[in-house]
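Peer 1: coordinates only, sequence not included:
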């Protein structure tokens, strides 16, 4: 097995355990590459990649762009705020216009769930989903699992709790798929209003008590409360959320073991985790960011090698 | 599949000793020289040369690294399969060092061309030399020649040269096989 089973990375749902193994194995090599004095390889010198961001992003966009440049791909960037989307152009038209400039691969973030899947049925280029609404964010889930593997040796058999706003989170869904695929045990923790009704059908357990969840887990992935996606009030106040679902150093120290703290960013310091937790030795938040470049290089490299 | 023995274990041993001596002639105590085995198959030859230098010729602390050239190859997207990488391990400084690339078979020269690009990511060597066990004559695609060669052979394109090592395949030997 030396090839991905898919031509696009639209979600973790569509890939296999073997795909994840191949991506991680390749990412190991790229991690070594990005620690060299010259952090660039010429593999993708004849590939052009368009980064289409129909929704705001800082680290994902930077991470993808860096990954593409370190592979020597030509990169064009597009953000919806400064484009003809505002003038009423459809998604397919926008993308086809860009593709007619001989673009081989598209990295897309879009507010609508399924935008990547939809696009993959209408265009020829290879597509990487960089987040589609509350659906999936596959590269984030891959880099999260990769970081867990790096820290704990393996993902299989580990207890992982995802804490926070599960309802609006594409990171949560992709992580659940990825972790289950690799044989981890997954629990979800958060206010009942922010947990989707049928989440258990994905094979995860719901735990409403944060302390119990933390005592059970090896890894806690803390998600941000996505205020910008909330049309109604899901909990009484930020202060109450912090009291119930915020992780502080005192809480961590009171557990009977040392757990690993993750966060996909951006952090609301003092809400889901306090500053001393974010900056502690238990936190692998900055490792996640560094691994993000290596994992994205692996995904881009493996997908690009299938473009003939 | 027909195969023909090109070198047996004794012949391989004699050649390795000669190559080690030739290296010593040019690099003396190896303080300013590093050996780089080219992945995937060159690393076994490189390990052997290092061991010989240390055990039979009392040269200590020979630096040996492994260089993977996958991401520098010129046939990305031109082959059916995805090119799979191997581990690169260079835990010393290459800048201003004399680098000796070591590979088992020199054929088209494209791997060495890629290795020349790859090594630049680690610094600017003072010079780069090439050592190979088997030099397939008249089959080069690029103007690349070895500085140290074990045995020169004439093999046609339909043939493959296979180098076996005791640590992997049970005994040292070199075969020419029909593809």
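Peer 2: Yep, it's here. Remember, predicted model here, so these are calculated numbers, not experimental data.
Peer 1: who are the contact partners of residue 99?
Peer 2: You didn't pick a chain, so chain A it is. A:50, A:106, A:123-125 (Cβ atoms under 8 Å, 6 or more residues apart in numbering or on different chains). (C-beta placed from N, C-alpha, C; glycine too.)
Peer 1: actually it's chain B I care about, not the one you picked
Peer 2: B:33-34, B:36, B:119, B:125, B:127-129.
Peer 1: nearest residue to it other than its sequence neighbours?
Peer 2: residue B:125 (4.3 Å; Cβ to Cβ, 6 or more residues apart in numbering or on different chains).
Peer 1: tally of neighbours for that neighbour?
Peer 2: Applying other Cβ atoms under 10 Å in any protein chain shown, we find 19 residues neighbouring residue B:125.
Peer 1: where does the stretch 1-150 of chain A dip in pLDDT?
Peer 2: A:1, A:82-86 (pLDDT under 70).
Peer 1: please, where are all the strands along the chain?
Peer 2: You didn't pick a chain, so chain A it is. Secondary structure of chain A by DSSP state E: the strands cover A:48-53, A:74-79, A:105-110, A:126-132, A:159-163, A:185-189, A:205-207, A:219-222, A:260-262.
Peer 1: you answered for a different chain; I wanted chain B.
Peer 2: B:3-7, B:33-38, B:63-67, B:98-106, B:127-136, B:148-153, B:159-164, B:173-178.
Peer 1: okay, those strands in TSV with mean pLDDT and distance to residue A:32 next?
Peer 2: Below are the strands of chain B laid out as TSV (pLDDT from 0 to 100; distance: least, Cβ to Cβ, whole Å):
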stretch	mean pLDDT	distance to residue A:32
strand B:3-7	89	34
strand B:33-38	96	15
strand B:63-67	96	11
strand B:98-106	96	18
strand B:127-136	96	21
strand B:148-153	94	28
strand B:159-164	90	26
strand B:173-178	90	31
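Peer 1: chain B contacts on the stretch 51-200 of chain A?
Peer 2: Proximity of the stretch 51-200 of chain A to chain B, by Cβ under 8 Å from any Cβ of the partner chain, involves residues residue A:71.
Peer 1: can you map out the helices along the chain?
Peer 2: No chain was given, so I picked chain A. Applying DSSP state H to chain A gives helices spanning A:17-33, A:59-70, A:91-99, A:115-120, A:138-152, A:170-181, A:210-216, A:238-245, A:249-253, A:275-278, A:285-304.
Peer 1: you looked at the wrong chain, it should be chain B
Peer 2: B:9-27, B:42-55, B:110-119, B:166-169.
Peer 1: do the third one and chain A meet at all?
Peer 2: If I follow you right, that is helix B:110-119. Yes: Helix B:110-119 reaches chain A (Cβ under 8 Å from any Cβ) through B:117-118.
Peer 1: need the contact partners of that helix.
Peer 2: If you take Cβ under 8 Å, 6+ apart as the criterion, helix B:110-119 is touched by A:41-42, B:36, B:38, B:67-69, B:71-75, B:88, B:94, B:99, B:101, B:103, B:106, B:125, B:128, B:130, B:141-142, B:144.
Peer 1: what does chain B have sitting close to chain A?
Peer 2: Residues of chain B lying near chain A (Cβ under 8 Å from any Cβ): B:68, B:70-73, B:76-77, B:81-88, B:117-118, B:120-123.
Peer 1: distance from stretch A:240-253 to the middle of the chain?
Peer 2: Centroid separation for stretch A:240-253 versus its chain: 24 Å, with Cα atoms, centre = their mean, to the nearest Å.
Peer 1: quick check: buried residues in that stretch?
Peer 2: A:241-242, A:245-249, A:252 (16 or more other Cβ atoms under 10 Å in any protein chain shown).
Peer 1: if I pick residue 173, what's in contact with it?
Peer 2: Picked chain A for this. Neighbour list for residue A:173: A:134-136 [criterion: Cβ under 8 Å, 6+ apart].
Peer 1: let's do chain B instead
Peer 2: B:5, B:7-9, B:12, B:163-164.
Peer 1: buried subset of the residues you listed?
Peer 2: B:7, B:12, B:163-164.
Peer 1: where does the stretch 1-150 of chain A get nearest to chain B, residue-wise?
Peer 2: Nearest to chain B in the stretch 1-150 of chain A, going by Cβ to the nearest Cβ, is residue A:41, at a distance of 3.6 Å.
Peer 1: just give me the neighbour total for that residue.
Peer 2: Neighbours of residue A:41 using other Cβ under 10 Å come to 26.
Peer 1: that older thread, in TSV, list the helices of chain A along with distance to residue A:8.
Peer 2: TSV is the format used below for those (distance: least, Cβ to Cβ, whole Å):
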stretch	distance to residue A:8
helix A:17-33	12
helix A:59-70	15
helix A:91-99	13
helix A:115-120	5
helix A:138-152	10
helix A:170-181	15
helix A:210-216	34
helix A:238-245	35
helix A:249-253	39
helix A:275-278	34
helix A:285-304	7
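Peer 1: just tell me which of those helices ends up closest to residue A:197.
Peer 2: helix A:170-181 (14.0 Å; Cβ to Cβ).
Peer 1: contacting residues for the most centrally placed residue in chain A?
Peer 2: Central residue of chain A (Cα atoms, centre = their mean): residue A:140, 1.6 Å from the mean position. For residue A:140, the contacting residues are A:60, A:131, A:170-171, A:174-175, A:264, A:292, by Cβ under 8 Å, 6+ apart.
Peer 1: now swap in residue B:83 and tell me
Peer 2: By Cβ under 8 Å, 6+ apart, residue B:83 lies in contact with A:305, B:70, B:73, B:75-76.
Peer 1: 7 Å instead, please
Peer 2: A:305, B:70, B:73, B:76 (Cβ atoms under 7 Å, 6 or more residues apart in numbering or on different chains).
Peer 1: again, but for residue A:174
Peer 2: Residue A:174 neighbours (Cβ under 7 Å, 6+ apart): A:11-12, A:136-138, A:140-141.
Peer 1: if we go to 6 Å?
Peer 2: A:12, A:136-138, A:141 (Cβ atoms under 6 Å, 6 or more residues apart in numbering or on different chains).
Peer 1: make CSV out of those residues and add neighbour count.
Peer 2: Formatted as CSV, these follow (neighbours: other Cβ atoms under 10 Å in any protein chain shown):
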residue, neighbour count
A:12, 27
A:136, 30
A:137, 26
A:138, 30
A:141, 27
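Peer 1: which of the residues of chain B next to chain A count as buried?
Peer 2: B:68, B:70-73, B:76-77, B:82-86, B:88, B:118, B:121-123.
Peer 1: low-confidence regions, chain B specifically.
Peer 2: For chain B, counting by pLDDT under 70, the residues that fall below are B:1.
Peer 1: nearest to chain A within it, name that residue for me.
Peer 2: For chain B, Cβ to the nearest Cβ, closest residue to chain A: residue B:71, 3.6 Å.
Peer 1: what sits against that residue?
Peer 2: Residues in contact with residue B:71, defined by Cβ under 6 Å, 6+ apart, are A:41, A:43.
Peer 1: repeat the analysis, applying 8 Å as the threshold.
Peer 2: Going by Cβ under 8 Å, 6+ apart, the list of residues near residue B:71 reads A:29, A:33, A:41-43, A:71, A:301, B:85, B:118.
Peer 1: okay, now the domains of chain A?
Peer 2: A:12-137+A:289-304, A:138-288 (automatic domain parsing).
Peer 1: how about these in CSV, adding distance to residue A:3?
Peer 2: CSV is the format used below for those (distance: least, Cβ to Cβ, whole Å):
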stretch, distance to residue A:3
domain A:12-137+A:289-304, 8
domain A:138-288, 17
